[in-house]
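Trainee: here is a sequence with its predicted model. Questions after.
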Amino acid sequence: MNITVIGAGSWGTAISGVAAARADRVCVWSFDEDSTKGINERHVNPLYLSDYTLPGNVSASSSYEEALRGADGIIVVVPSPFLRATIKGAAPYILHDVPVLCLTKGIEEGSGKLMSEVVAEEIGNPGRVAALSGPNHAEEICKGSLSAAVIAAEDHDVAEFFRSLLISPEFRIYVTSDMIGIETCAAVKNVIAIVCGVAAGAGYGDNTLALIMTRGLAEISRIVHARGGDPMTCMGLAGMGDLVATCTSPHSRNRSFGVAFAHGESLEDYQRRTHMVVEGAAAARSTAQLARSLGVDAPITFALESSLYQGVELEEALRTLLDRIPTEEFYGLDL
Ligand SMILES: NC(=O)C1=CN([C@@H]2O[C@H](COP(=O)(O)OP(=O)(O)OC[C@H]3O[C@@H](n4cnc5c(N)ncnc54)[C@H](O)[C@@H]3O)[C@@H](O)[C@H]2O)C=CC1
Ligand SMILES: O=C(CO)COP(=O)(O)O
């Protein structure tokens, strides 16, 4: 079986190694020529997870045509800001019935579309597109550290195809049909993780962290419900599981950026310094747009959006949050 992974960042590199255990051949499409060269010559991606040696049946290419030739299954894992353009470029080489699994976490700005919806729009035949999410820091997955994820698909056979490709004793994979739920959780938890980082950077304690995570989960649930997903999904791996991992882990780029932002570093400087994506920064804007269009109250997201993009000082954004009068613990959804 031949698998193509589109995207050679940290998660693309780690998932290539996971897929290589069952596939005969894995070919990674990489935007960066240095990654392509490193993987083909030394089985190492010099830009991401550079201390991880990929299995010998993983190769790389910067050509869509070459990377996608003969693919029996495709995994898409490019950061959300580049997803549509990348899939548009790859689409002519993707056959109509090949199953596709989307690992990107985000919401498209402007359209409010989920990542699998963007992929399906560009390649057609939406029933063959699935999504995977969960608490899965690439740094731990590539070391075989015990983890779990959930795959969502409309078509159970598509979910099973990818589950049997990726499952192992170290990587437990559950399935669900709630694509909206898991993909919305995946995008919005990154926003909440930045705010947790901001609070930690500003000197707040663990009670505050728990407060932001819990009210963040309520915010995510309201958006999932309004978008047509199942709020119970928020209690699972893609919801609470990933929220806990991202809001507390030193591996999280979103949390780390929040800490740096509280200390005065700009988003641009942080991304240049780390050359990694901070998905929650893009998601703060796209989630806020989506919440407004759905008429959902999303105060934590609105506060981050205002200080990242509308020139509102961080202290003022936090004060706006704290000035809210606590009322009913749950509102706006049928939990
Ligand atoms: N890193 C992780 O542990 C996890 C990441 N994810 C998600 O996976 C997705 C990919 O993230 P990472 O692999 O972490 O990325 P990364 O931050 O490690 O790397 C950035 C990637 O963007 C690529 N890139 C830069 N400019 C580009 C362009 N113009 N067009 C196309 N690609 C370009 C780079 O080549 C590189 O592959 C994100 O949505 C992220 O939220 C999900 C679970 C775990
Ligand atoms: O989604 C992730 C872990 O599940 C990765 O989170 P960060 O992008 O914050 O590192």
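Mentor: Good, I have the coordinates. Ligands and ions are numbered 1, 2, ... in the order given.

Trainee: give me every residue that touches residue 252.
Mentor: Counting by CB atoms under 8 Å, 6 or more residues apart in numbering, residue 252 makes contact with 137, 193, 197, 245-246. The C-beta positions use only the backbone N, C-alpha and C, and glycine is treated the same way.

Trainee: and what of residue 312?
Mentor: Residue 312 neighbours (CB under 8 Å, 6+ apart): 306, 320.

Trainee: and it, which of the three is it?
Mentor: coil (DSSP: H, G, I helix; E, B strand; the rest coil).

Trainee: mind checking pLDDT for the closest residue to ligand 1 within the stretch 1-150 of the chain?
Mentor: Ranked by CB to the nearest ligand atom, the top residue of the stretch 1-150 of the chain for proximity to ligand 1 is residue 9, at 2.5 Å. Looking at residue 9, its pLDDT stands at 98.

Trainee: distance of it relative to residue 97?
Mentor: 28 Å (CB to CB, to the nearest Å).

Trainee: who has more neighbours, the two?
Mentor: When residue 9 and residue 97 are compared for neighbours, residue 9 comes out ahead with 22 against 8, by other CB atoms under 10 Å.

Trainee: where does the prediction get shaky in the chain?
Mentor: For the chain, residues meeting the criterion pLDDT under 70 lie at 332-335.

Trainee: domain ranges for it?
Mentor: 2-177, 185-322 (automatic domain parsing).

Trainee: count residues in the vicinity of the closest residue to residue 108 other than its chain neighbours, would you?
Mentor: Here the nearest residue to residue 108 in space, its sequence neighbours aside, is residue 118; by CB to CB, 6 or more residues apart in numbering that works out to 5.5 Å. Counted by other CB under 10 Å, the residues lying close to residue 118 total 23.

Trainee: which phi and psi does residue 118 have?
Mentor: Dihedral pair for residue 118: phi -60, psi -50, per degrees, to the nearest 10.

Trainee: within range of ligand 2, give me the residues from the stretch 1-150 of the chain.
Mentor: Listed as neighbours of ligand 2 in the stretch 1-150 of the chain under the rule CB under 6 Å from any ligand atom: 105, 135-137.

Trainee: swap the cut-off to 8 Å and go again
Mentor: Residues of the stretch 1-150 of the chain lying close to ligand 2 by CB under 8 Å from any ligand atom are 10-11, 105, 133-138.

Trainee: check contacts around residue 249.
Mentor: Contacts of residue 249 (CB under 8 Å, 6+ apart): 137, 255.

Trainee: how near is it to residue 255?
Mentor: Separation of residue 249 from residue 255 (CB to CB): 7 Å.
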